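Visitor: Generate coordinates for the sequence data below:
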Amino acid sequence: MGKIIAIANQKGGVGKTTTAINLAASLAVLECKTLLVDADPQANSTSGLGINPKEVETSIYECMVDGTPVREAIVTNEQLKYLDILPSHIDLVGAEVEMVSIERREEKMRDALGKVKDEYDFIIIDCSPSLGLITINALTAADSVIIPVQCEYFALEGLGKLLNTIKIIQTRLNPNLEIEGILLTLYDSRTSLGNQVVEEVRTHFQKMTFKTIIPRNVKLSESPSFGLPVIVHDAESKGAISYLNMAHEVLDKNTVAK
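Guide: Reported below is the predicted structural model:
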C-alpha cells in the first residue's frame, strides 16, 4: 500500500509547490511509482509538469465534488515513466463553497485517493497556501505531512498555527496523521540570517527537521517555465541534487515495497 504525503504550509512563497513537484519527480527517478496530486486552485504543479490547466477536462475538482473516478483524471508524464499527476483547475476555487453542505465533506479527497492508493508507492499532495477545506481534505487523506519552511526572517511565522491545525485534524479526522518532517527551503549560505534560521529550526524541532536543506537555485526557479521538474531540466544542478537527497531521506524513513 502506498503512502500519502501532503506538502502543506498556509504561508505562501515557502517552496511548497517546488517541493511537491521535485520530491515527486525525484521519487520517480528512484523508480518509486508516484502520483502528484495538485490540490491548489492556482494549478502550479499542473503547469509545472507541462500541462496547461485551461485544457484540463477532468481534475481533482471533479473527483471530489462529482465523484468522478480518479483514474479518469490521472495524466502520465512523458519524461518520467514512474510519475503520474492528478491535475488541478481553477474550478477548485468553488469546491469549498459547493462542499459546505455535503456530508463528510472533509473526507472527499481521502475517498477519491483511496481507490488508487494501492497502485502507488507514494502519493504527494500539493496543498494550497491556506488552511481551508481543500487543505483539510488533503491532511485528512494523508498519512503524513511535510512542512516547507523558508530560511528567512518570518520563517516560523504561522508554523504554530499549522501545527495546531494538524493536532485538531489528528483529534477529529485523522488520528494516524504524522509529521514526516520540516524542510528548510530557499537557503542562502552567504547570509548570516539563513544560518540563524537553520540553527533555530533545528534547535526547536531537532529530529523532526530533514537533514537536507534546499538552496536558492536558478535552475529550480526556471524549470517550471519549461514545464519540467528540475531533475529533468538540469540533473546536475544544486536544486536537483538537493531534492534527490531529500527523496532518499523520505525513502529511508519509509519501507517501500519495490
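
Visitor: Just the local confidence number for the residue with the largest distance to the centre of the chain, please.
Guide: Going by CA atoms, centre = their mean, the residue of the chain most distant from its centre is Ser192, 28.5 Å out. pLDDT for Ser192: 78.

Visitor: how far away is it from Ser242?
Guide: Distance, Ser192 to Ser242, using CB to CB, to the nearest Å: 21 Å. All C-beta spots, glycine's among them, are computed from the backbone N, C-alpha and C.

Visitor: And Lys207, by the same measure?
Guide: 20 Å.

Visitor: And Gly194, how far from Gln150?
Guide: Distance of Gly194 to Gln150, computed by CB to CB: 9 Å.

Visitor: repeat for Arg110
Guide: Arg110 is 29 Å from Gln150, where distance means CB to CB.

Visitor: which residues of the stretch 151-258 of the chain score low on pLDDT?
Guide: Scanning the stretch 151-258 of the chain for pLDDT under 70 picks out 256-258.

Visitor: could you show me where the helices are in it, in order?
Guide: Taking DSSP state H, counting those that start in this stretch, the helices of the stretch 151-258 of the chain run over residues 159-172, 192-205, 218-222, 230-233, 238-253.

Visitor: Need the ones you listed in a markdown table (columns: distance to Cys32).
Guide: Conversion of those to a markdown table gives the following (distance: least, CB to CB, whole Å):
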| stretch | distance to Cys32 |
| --- | --- |
| helix 159-172 | 25 |
| helix 192-205 | 26 |
| helix 218-222 | 21 |
| helix 230-233 | 13 |
| helix 238-253 | 7 |
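
Visitor: Flag every buried residue along stretch 87-95.
Guide: 87-89, 91-93, 95 (16 or more other CB atoms under 10 Å).

Visitor: Ok, stretch 171-179 next?
Guide: Residues of stretch 171-179 classed as buried: 173-174, 177 (neighbour count, 16+ other CB under 10 Å).

Visitor: More neighbours: Lys207 and Ser242, which one.
Guide: More crowded of Lys207 and Ser242, by other CB atoms under 10 Å: Ser242, with 22 against 8.

Visitor: can you tell me how far that one sits from Glu249?
Guide: Distance of Ser242 to Glu249, computed by CB to CB: 11 Å.

Visitor: who touches both of these two?
Guide: Shared contacts of Ser242 and Glu249 (CB atoms under 8 Å, 6 or more residues apart in numbering): Thr212.

Visitor: Contacts only, for Met105.
Guide: Heads up, residue 105 is Arg, not Met. Contacts of Arg105 (CB under 8 Å, 6+ apart): 99, 133, 137.

Visitor: Go ahead and confirm the second one touches Met99.
Guide: Yes: in this structure Leu133 lies within contact range of Met99 using CB atoms under 8 Å: 6.0 Å.

Visitor: of all the buried residues of stretch 171-179, which comes closest to Met64?
Guide: Sorting these by distance to Met64 puts Leu173 at the head of the list, at 15.3 Å, by CB to CB.

Visitor: Need the per-residue pLDDT for the closest residue to that closest one other than its chain neighbours.
Guide: The shortest distance from Leu173 to any non-neighbouring residue, by CB to CB, 6 or more residues apart in numbering, is to Thr140 (4.6 Å). Looking at Thr140, its pLDDT is 96.

Visitor: For Glu55, see how far away Thr140 is.
Guide: Per CB to CB, Thr140 is found 29 Å from Glu55.

Visitor: neighbour count winner among these two?
Guide: Higher neighbour count among Thr140 and Glu55: Thr140, with 21 against 9, using other CB under 10 Å.
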